[in-house]
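A.B. asks: quick one: sequence and predicted model below, then my questions.
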Amino acid sequence: MKIIFLGAPGAGKGTQADRTALRLGIPTISTGAIIRAALANGTEMGQKAKQFIERGALVPDDVVIGIIRERLAESDCKDGFILDGFPRTVPQAIALDAMGVKLDAVLSIEVSDEEILGRMTGRRVCAKCGTSYHIATLPAKDGVHCDKCGTELTVRADDAPEVVKSRLEVYHSTTEPLKDYYAKVGNLRLVDGIGTVDEISERTLKALGV
Ligand code: AMP
């Protein structure tokens, strides 16, 4: 299956994308995680993206479209994939169509801005493998290290309250119009993102019909 997860920053799309991918045996491709890894490794792409990420702005379309084009060409994507955080603009969605990707579903995890602002302070992330945690709702087993790779968890620089506000504005002005874009094609499904991680996973799988 080829699936897109849409949702505001902090809606839980990364967590649900990872769980769904595990269940379906396909990879999750998170442009945010790829960019953060490039930043941590000091690559040229990471250097280019730094100024945008830090102020909660979007990285230019040509950079993320290039990342996706390369990643989708890898062999583990041949039976399907989940895109988490891409596309985020209408031109990115058009570029994905132009790559010949036929989507099975586009899921939008729906959470209000008030709920998101409350959630973001508790988010922790593994800078090495990209796994997300939350101190209250999805803690790591020992509270401080990634369950998957043992790396010490960090707070994302772009989870500071002022930056989250900018990211929410960008989401509403630039990314949310994608809901209309995919509703017109007929594969948009809305998932209520309020509840426990297990409840939302259940709704997600139901929305996918698996
Ligand atoms: P995320 O982990 O998906 O919240 O992404 C973190 C940050 O990476 C975003 O705030 C953007 O600066 C950048 N980013 C990730 N995906 C994209 C995308 N598809 N288009 C533009 N910027 C992106």
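C.D. replies: That came through fine. Numbering: from 1, shown residues only.

A.B. asks: does the helix or strand bottoming out on mean pLDDT in the chain come close to the ligand?
C.D. replies: Scoring the helices and strands of the chain by mean pLDDT, DSSP states H and E places helix 113-120 at the bottom, with a mean of 88. No: remark: helix 113-120 sits outside contact range of the ligand, by Cβ under 6 Å from any ligand atom, the gap being at least 10.5 Å. For glycine as for every other residue, the C-beta is placed from the backbone atoms N, C-alpha and C.

A.B. asks: give me the helices and strands touching the helix or strand following that helix, please.
C.D. replies: Note on helix 113-120: by DSSP states H and E, the next helix or strand toward the C-terminus is strand 123-125. For strand 123-125, the contact count by 3 or more Cβ pairs under 8 Å, 6 or more residues apart in numbering; DSSP states H and E identifies strand 132-134 as packing neighbours.

A.B. asks: contacts for the strand it packs on, please.
C.D. replies: 14-15, 18, 119, 122-126, 138-140, 146, 153 (Cβ atoms under 8 Å, 6 or more residues apart in numbering).

A.B. asks: and the least confident helix or strand of the chain, what's buried?
C.D. replies: Ile116, Arg119, Met120 (16 or more other Cβ atoms under 10 Å).

A.B. asks: and if you look at stretch 64-79?
C.D. replies: Buried, per 16+ other Cβ under 10 Å, within stretch 64-79: Val64, Ile65, Ile67, Ile68, Arg71, Leu72.

A.B. asks: what about those residues, which are in strands?
C.D. replies: Cross-referencing these against strands under DSSP state E gives no overlap.

A.B. asks: of those residues, which are in range of the ligand?
C.D. replies: Among the buried residues of stretch 64-79, proximity to the ligand is found for Val64 (Cβ under 6 Å from any ligand atom).

A.B. asks: render the CA-only coordinates of stretch 125-132 in PDB, please.
C.D. replies: Taking Å, rounded to 0.1, in the frame of the first residue of the first chain, the C-alpha atoms of stretch 125-132 are listed here in PDB:
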ATOM      1  CA  VAL A 125      12.800  12.300  19.900                       C
ATOM      2  CA  CYS A 126      15.700  10.000  19.100                       C
ATOM      3  CA  ALA A 127      18.000  12.100  16.900                       C
ATOM      4  CA  LYS A 128      19.600   8.800  15.600                       C
ATOM      5  CA  CYS A 129      16.700   6.700  14.400                       C
ATOM      6  CA  GLY A 130      13.900   9.300  14.500                       C
ATOM      7  CA  THR A 131      11.500   7.500  16.900                       C
ATOM      8  CA  SER A 132       9.200   9.900  18.800                       C
END
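
A.B. asks: if you count neighbours, what's buried in it?
C.D. replies: Val125, Cys126, Ala127, Lys128, Gly130, Thr131, Ser132.

A.B. asks: what ranges does this protein have for its helices?
C.D. replies: 13-24, 31-40, 44-54, 61-72, 90-98, 113-120, 161-170, 177-185, 197-208 (DSSP state H).
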